[in-house]
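**Student:** My questions are about this predicted structure, shown below with the sequence.
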Amino acid sequence: MLLSAACQAYTAPLLSELQQPSPVPAPLAPPEPLPNSSRLEPSPTPSPYVGLHRRATEDELLRPSPTAFHAGGEGKRLQSKRTDDAPVWHNANEDPRIDAWCPGRCPPHRPINSDDIVARLESSGGNVTWESPYEEGSEPTRCDPCRHRWLFVASLGGRTGSTTLLDMLDQHPAVALSGENGGQLLTALTLWDQAARQDFTAGPWVRGKPNVANLICDLQSWFLDADPAKDYKGPDAIRGFKEVRFGPIDDNGLASLTDRRMPPGDGGEHSPHYHALKDAFHFLDAVFPCHRVIFSDRKEDFDLKWGDPSVKPRLREAWMPILEHDKSEGRSWHSYWIDLAEFTVEKYNNVLRWLGEPSDGCNFQELIHANANLDDNDYDNGTSYFGSQKCKLT
């Protein structure tokens with residue numbers, strides 16, 4: 001009895017925290033007065049996705065919001081400072097920036113639902129697919145996949161000037177990119193493959209049919225949370241990251257022609273588990289419907305800081321057709337190729353024009369030279385490389 005009393009006395013300080021109520025999912029829409037009914041009433045401005053196939057269920061609408069909870073203090077909530085996941089649905093009439101960034105890629109021009117995502121992958125010509133049963137016609141209920149403009153810098157390997165490009169782009173007040181993340185896109189591709197190839201519907205692997213569109217929401221949210229920009233520039237800033245590991249390329253700079261965790265088997269490159277060097281970009285297209293990519297290259301011969309010198313020619317052979325295909329299809333807005341030999345102020349101002357900065361807006365006055373001494377220094381020293389000019393791209 002004394003032992004029991006002692007145990008209760010010892011654990012008493014913990015009970016107030018352990019007995020806090022679990023986080024209650026908050027509705028996606030901003031709080032409004034509720035009618036005298038326990039049922040949710042439809043929003044006066046319905047999502048552009050509602051009605052295309054099916055309406056989101058009440059349970060789906062009550063997904064957790066980006067809200068932090070106190071460990072104690074009667075379950076008080078702290079509103080997250082980040083508003084990137086705010087459920088603002090794309091409207092071409094209200095936000096023309098989306099259509100300017102990725103013309104014709106988002107509603108109302110085309111739907112973004114599970115069928116559309118699967119069709120995108122099947123028509124890409126790559127080997128990223130969805131092979132298992134899924135909830136056909138299902139719509140995204142946790143995000144608008146076209147909520148953000150995305151920009152990615154894909155380096156063909158070390159010493160291509162991609163860090164300089166990252167630093168130059170981040171000078172713009174509308175661009176908020178982050179740096180390398182160890183190839184998380186490839187890790188996400190592996191996770192996607194494991195879900196897409198699980199065609200078991202009974203026994204120890206039993207599961208229901210996934211909402212593929214919501215998986216896109218999950219992955220976008222991961223990159224927003226895992227790779228925040230150093231400087232927050234608002235919820236509408238152009239997001240993304242620069243990476244060397246789009247190859248797939250491992251940490252030694254070696255390109256691998258197969259999925260890192262699923263060997264190709266006897267079928268070699270014809271195996272359903274085979275990934276070509278451009279499959280990462282097919283996957284990028286599915287996860288980020290409204291995105292652009294800049295390829296950072298260096299064709300001249302030089303001594304690598306790390307890696308295999310054969311990587312760049314192989315990646316160039318695999319990735320250059322992406323740029324050429326975009327040009328032939330009238331999608332020059334989607335991809336841009338820059339070589340370190342073109343290290344001039346004029347060239348970087350051409351990049352600004354491609355991004356959408358008007359010629360009478362801001363222009364670079366000088367160049368950043370990141371890693372000039374292989375020191376990986378941080379060049380964000382508060383200097384404005386635009387001088388006193390004001391940027392107009394928002």
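**Tutor:** Here it is on my side, so go on.
**Student:** thought residue 174 was touching residue 392?
**Tutor:** No: the pair residue 174 / residue 392 is not scored as a contact, 9.2 Å apart, by C-beta atoms under 8 Å. In short, each C-beta sits where N, CA and C put it, glycine included.
**Student:** Would you mind telling me which of these two has more residues around it?
**Tutor:** The neighbour comparison of residue 174 against residue 392 (other C-beta atoms under 10 Å) goes to residue 174, with 19 against 13.
**Student:** Now the more buried one: phi and psi?
**Tutor:** Backbone torsions of residue 174, given as degrees, to the nearest 10, read phi -100, psi 0.
**Student:** same thing with the one 4 residues further on?
**Tutor:** Note on residue 178: its backbone torsions stand at phi -120, psi 170 [degrees, to the nearest 10].
**Student:** list the contacts for it?
**Tutor:** 227, 228, 229, 230, 240, 241, 242 (C-beta atoms under 8 Å, 6 or more residues apart in numbering).
**Student:** Of these, keep whichever come out buried.
**Tutor:** Buried subset of these (neighbour count, 16 or more other C-beta atoms under 10 Å): 227, 229, 240, 241, 242.
**Student:** Max pairwise distance over those residues: which two?
**Tutor:** Comparing all pairs in these by C-beta to C-beta, the longest separation belongs to 229 and 242, at 11.7 Å.
**Student:** tell me, what's touching those two both at once?
**Tutor:** Counting by C-beta under 8 Å, 6+ apart, the common neighbours of residue 229 and residue 242 are 177, 178.
**Student:** Which parts of the chain are strands?
**Tutor:** 67-69, 77-79, 150-155, 175-178, 238-243, 291-297, 335-339 (DSSP state E).
**Student:** circling back to that earlier point, least confident of the contacts of residue 178?
**Tutor:** When the contacts of residue 178 are compared by pLDDT, residue 230 scores lowest at 91.
**Student:** any idea how far that one lies from residue 165?
**Tutor:** 16 Å (C-beta to C-beta, to the nearest Å).
**Student:** Residue 235 too?
**Tutor:** When residue 235 is compared with residue 165 (using C-beta to C-beta), they lie 24 Å apart.
**Student:** which of those two has more neighbours?
**Tutor:** Taking neighbours as other C-beta under 10 Å, residue 235 and residue 165 compare with residue 165 leading, 22 against 14.
**Student:** Can you show me the CA trace of stretch 193-208 as PDB?
**Tutor:** This file holds the C-alpha atoms of stretch 193-208, laid out as PDB (Å, rounded to 0.1, in the frame of the first residue of the first chain):
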ATOM      1  CA  ASP A 193       7.100   2.600 -55.800                       C
ATOM      2  CA  GLN A 194       6.400   0.600 -52.700                       C
ATOM      3  CA  ALA A 195       2.800   1.800 -52.500                       C
ATOM      4  CA  ALA A 196       2.200   1.800 -56.200                       C
ATOM      5  CA  ARG A 197       3.400  -1.900 -56.600                       C
ATOM      6  CA  GLN A 198       1.500  -3.300 -53.600                       C
ATOM      7  CA  ASP A 199      -1.400  -5.000 -55.400                       C
ATOM      8  CA  PHE A 200      -2.300  -7.300 -52.500                       C
ATOM      9  CA  THR A 201      -5.900  -6.800 -51.300                       C
ATOM     10  CA  ALA A 202      -6.100  -9.600 -48.800                       C
ATOM     11  CA  GLY A 203      -4.100 -11.500 -46.200                       C
ATOM     12  CA  PRO A 204      -1.100  -9.900 -44.300                       C
ATOM     13  CA  TRP A 205      -0.800  -7.100 -46.900                       C
ATOM     14  CA  VAL A 206      -4.500  -6.200 -47.000                       C
ATOM     15  CA  ARG A 207      -5.400  -2.500 -47.500                       C
ATOM     16  CA  GLY A 208      -8.100  -0.500 -49.100                       C
END
